[in-house]
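>>> predicted model and sequence below, questions to follow.
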Amino acid sequence: MGILSALSRLPRPTRAVTVLTAAALALAGCGGSSLNQSGGGQSGGDVKVGLLLPLSGVYAPLGQEMRAGFQLYLDQHGGKLGGRTIKVVTADEGGGPQTGVPAGQKLVTQDQATVVVGVVNSATALGLRDFFDESKKLLVIANAGADAITGARKSDYIWRTSFSNGAVAATLGPEVAKEVKGKVYLIAPDYAAGKEMVAGFRKSFEAAGGEVAGEKFTPFGTTQDFQPYLSTIRGSGAKAVWSFYSGAEAVGFVKQYKEFGLAGKTPLYGPGFLTEGGVLDAQGRDAIKVKTSLHYSTELDNPRNKEFVAAYRAKVGKPPTVFSVQAYDAAAVLDKALAKASDTSAPELVKALNGIGPIDSPRGQWSFGADHNVRQQYYLREVKSSGGTFVNAITGELG
Ligand code: PHB
């Protein structure tokens, strides 16, 4: 099928992104596989890593935490990964694919990055998928959980050190079904990750006998006043609420949940992003008793995590988060892959990634599945006060 007729069959947003992909590849003077043959223009022993992180928008705090995590690993390893000196170039993912897709393409085509690490937003990851797949350049996703990236639209060149939306949300379903006597209301932002998180939770929750009182998707990145939605939730008679929000939206939702008088009466659950790191600092006491599922907490009791938390605190001045760990682990993965690969071309790095084995992470040991997604343990967490601050205490392990 010709490129134009293939494009005309795609839905409009995908088509726009694919046109951008083709244009970016053309600008770089190469179509498809020719980009990789020079190893991305790399010479000598140095490797350029492109960090694609939100430095603006509702997810900006996550970007800072990921940058700090990646940098900590580099600092602990003399600025080298796999024995090669790393040069980091950063681009702003912004609030979504409109900014994130061109920024990711620029890291490859203009900055000549050997590998791009980062991507917080699922819609950005989906928008970049064809570019990395077609140009055969390596992308290590250190957050965005879009299910298809390691599912139906898996690529040899895309790997993920974080989670998939469906999985992180689904782990809490049976627990909520067991704990809540009555219906549960589901609420999340209206974009790819919100939709997938709700679907993942709903499936495992209903399979365990849970009943849904209602479901709402709020405009993503622009909702500041949650009162109308909280009012609907109260009117629904729900006995509990499950919600996915992250970054600035998580701060607003949890604080307003308390102000509206729901906290303490209607238990709040969600994926752990709801109460993570800087978000929890801003929520403070308002987040007490919120229960979440996640693959990390500063409170994990293992020597690797204790050492990591101490090193991160010493360098950054605050505790790490799941986002810092996912980026720290992306550096660890590249360290192993670059050490194993015979050169820095993407096909050689992919070959190395296919056999790197378990990663000894602050979150506990994890490994890549055949789908390039993380196989890991999920935990049940509850916000508690501890020594004048608030933490996500581990209260159990989730299947
Ligand atoms: C996503 O868009 O995939 C996403 C964003 C923020 C999170 C988790 C997932 O905290």
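Nice, thanks for sending it over.

>>> and the residue most central in space within the chain, how close does it get to Asp225?
The chain has Asn143 as the residue nearest its centroid, 1.8 Å off, counting by Cα atoms, centre = their mean. Separation of Asn143 from Asp225 (Cβ to Cβ, to the nearest Å) stands at 27 Å. (Each C-beta comes from the backbone N, C-alpha and C, glycine too.)

>>> how about low-confidence regions in this structure?
1-44 (pLDDT under 70).

>>> longest helix of it?
helix 322-340 (DSSP state H).

>>> ok, then the element right after that one?
helix 346-353 (DSSP states H and E).

>>> may I have that next one exported as PDB, CA atoms only?
Output of helix 346-353 as PDB, limited to C-alpha atoms (Å, rounded to 0.1, in the frame of the first residue of the first chain):
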ATOM      1  CA  ALA A 346      19.900   0.500  17.600                       C
ATOM      2  CA  PRO A 347      19.800  -3.100  16.300                       C
ATOM      3  CA  GLU A 348      22.900  -4.000  18.400                       C
ATOM      4  CA  LEU A 349      21.400  -2.300  21.500                       C
ATOM      5  CA  VAL A 350      18.100  -4.100  20.900                       C
ATOM      6  CA  LYS A 351      19.900  -7.400  20.700                       C
ATOM      7  CA  ALA A 352      21.600  -6.600  24.000                       C
ATOM      8  CA  LEU A 353      18.300  -5.500  25.600                       C
END
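
>>> buried sites along that helix?
Within helix 346-353, the residues that count as buried by 16 or more other Cβ atoms under 10 Å are 346-350, 352-353.

>>> need the helices for the stretch 1-150 of the chain, in chain order.
3-8, 12-27, 60-76, 97-109, 122-135 (DSSP state H, counting those that start in this stretch).

>>> neighbours of Trp366, just the number please.
17 (other Cβ atoms under 10 Å).

>>> for it, what are its contacts?
If you count contacts by Cβ atoms under 8 Å, 6 or more residues apart in numbering, Trp366 has them with 295, 329, 358-359, 374-377.

>>> how about it, secondary structure?
strand (DSSP: H, G, I helix; E, B strand; the rest coil).

>>> how far away is the closest residue to the residue nearest to the centre of the chain other than its chain neighbours from the ligand?
Using Cβ to Cβ, 6 or more residues apart in numbering and skipping residues adjacent in sequence, the residue nearest Asn143 is Val120, 4.5 Å away. Distance of Val120 to the ligand, computed by Cβ to the nearest ligand atom, to the nearest Å: 5 Å.

>>> what sits up against stretch 352-365?
By Cβ under 8 Å, 6+ apart, stretch 352-365 touches 159, 161, 295-296, 300, 302, 304-305, 308-309, 320, 322, 325, 328-329, 332-333, 336-338, 340-341, 366-368, 372, 376-377.

>>> for stretch 301-315, that is, sorry about that
68-69, 72, 75-76, 298, 319-320, 324-325, 328, 360-364, 394.

>>> tell me the contacts of the closest residue to Leu172 other than its chain neighbours?
What sits nearest to Leu172 in space, not counting adjacent residues and going by Cβ to Cβ, 6+ apart, is Ser293, at 3.9 Å. Neighbour list for Ser293: 168-169, 171-172, 175, 270-272, 378-381, 398 [criterion: Cβ under 8 Å, 6+ apart].

>>> domain-wise, how is the protein divided?
For the chain, automatic domain parsing gives the domain ranges 4-163+301-368, 167-294+379-397.
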